[in-house]
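1. Could you look at this predicted model? Sequence included:
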Amino acid sequence: MSGHSKWATIKHKKGALDAKRGKIFSKLSKELMVAAKVGGSNPDMNPTLRTVIQKAKSYNMPSDNIDRAVKKGAGEIEGVVFEEVSYEGFAAGGVALIVKGLTDNKNRAASEIRHIFSKNSGNMAESGSVLWMFDRKGIITIPAEGKTEDEMMEILLEVGADDLQSEEGFFIVQTSVEDFEPVRKELVAKKLNIENASLQWVAKNNINVTGEDAIKLDKLIDSIEDQEDVQNVFHNAILELN
């Protein structure tokens, strides 16, 4: 019986991972389609598309899936048209959130995300009521791979990055929006392994959230990220979950 139970647990975990992987690929496909639609299907001429392709590859998205999404976005083959959406809101503990998504039905997306907020002790806010608390920044994540923080800082001073943080075996490099692509190119040229590179909303000031509020916020963020139209959730919380 123990063998059967173990196999059942493994299958359950594998099923959960496969389901999560499927959702990630679906979200990445939308990003690829929109990037190709806006800037064309040639990544050499479209830095946004190039960045999303690299992101997709970091998640081991199959090349065929990437190519198909790019062609759909560029109109080379038929596909659904997605629009960018943005929502702002507040959560337990006064935490501010920015939700970015891509959808083929704005009314559905807004309704579902509003419901998730209200169900998890939060509320949607008017446009602009949260955005001022954040700055738009380029964020590049690089595995430490034996490098010290001093060694990485020396590299970043050469390439013109703004800031460096170290977190759980990774270096988090921050740039201005304007310097994001030049810095990314320089880091690639220096043979650094880039895990992820994207433009993000970074909080100007963070709030420590503990206890029941932290549990509620964690559940809210998970629920929003799980919604099919959502691509990214940005917030100004430092979660302390026990």
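-> Thanks, I have it.
2. Any chance of the backbone angles for the residue nearest to Ile24 when sequence neighbours are not counted?
-> Leaving aside its sequence neighbours, Ile24 sits nearest to Tyr59 (C-beta to C-beta, 6 or more residues apart in numbering; 5.7 Å). Glycine gets a C-beta too; all of them are placed from N, C-alpha and C. For Tyr59, the backbone dihedrals (degrees, to the nearest 10) come out as phi -90, psi 10.
3. Might one say that Tyr59 is in contact with Lys27?
-> No. Applying C-beta atoms under 8 Å as the test, Tyr59 and Lys27 come out as separate, 9.7 Å apart.
4. of the two, who's got more company?
-> Ranked by neighbour count (other C-beta atoms under 10 Å), Tyr59 and Lys27 place Lys27 first, with 20 against 12.
5. quick one: which helix or strand includes that one?
-> helix 2-39 (DSSP states H and E).
6. Tell me which helix or strand comes right after the worst-scoring helix or strand of the chain on mean pLDDT.
-> None of the helices or strands of the chain scores lower by mean pLDDT, DSSP states H and E than helix 2-39, at a mean of 63. Counting by DSSP H and E, the next helix or strand C-terminal to helix 2-39 is helix 47-58.
7. now the angle from the very next helix or strand once past that next one to helix 47-58?
-> Of the helices and strands lying after helix 47-58 in sequence (DSSP H and E), the nearest is helix 63-74. Relative orientation of helix 63-74 with respect to helix 47-58: 150 degrees, computed using axes from the mean of the first three to the mean of the last three C-alpha atoms, to 10 degrees.
8. Give me the contacts around helix 63-74.
-> With contact meaning C-beta atoms under 8 Å, 6 or more residues apart in numbering, helix 63-74 is reached by 25, 28-30, 32-37, 40-41, 49, 53, 56-57, 77-80.
9. the domain parsing of this protein - what is it?
-> 2-74, 83-132+205-240, 134-203 (automatic domain parsing).
10. sorry, back to before: would you list the buried entries among the contacts of helix 63-74?
-> Among these, the ones that count as buried by 16 or more other C-beta atoms under 10 Å are 25, 28-30, 32-37, 41, 49, 53, 56, 79.
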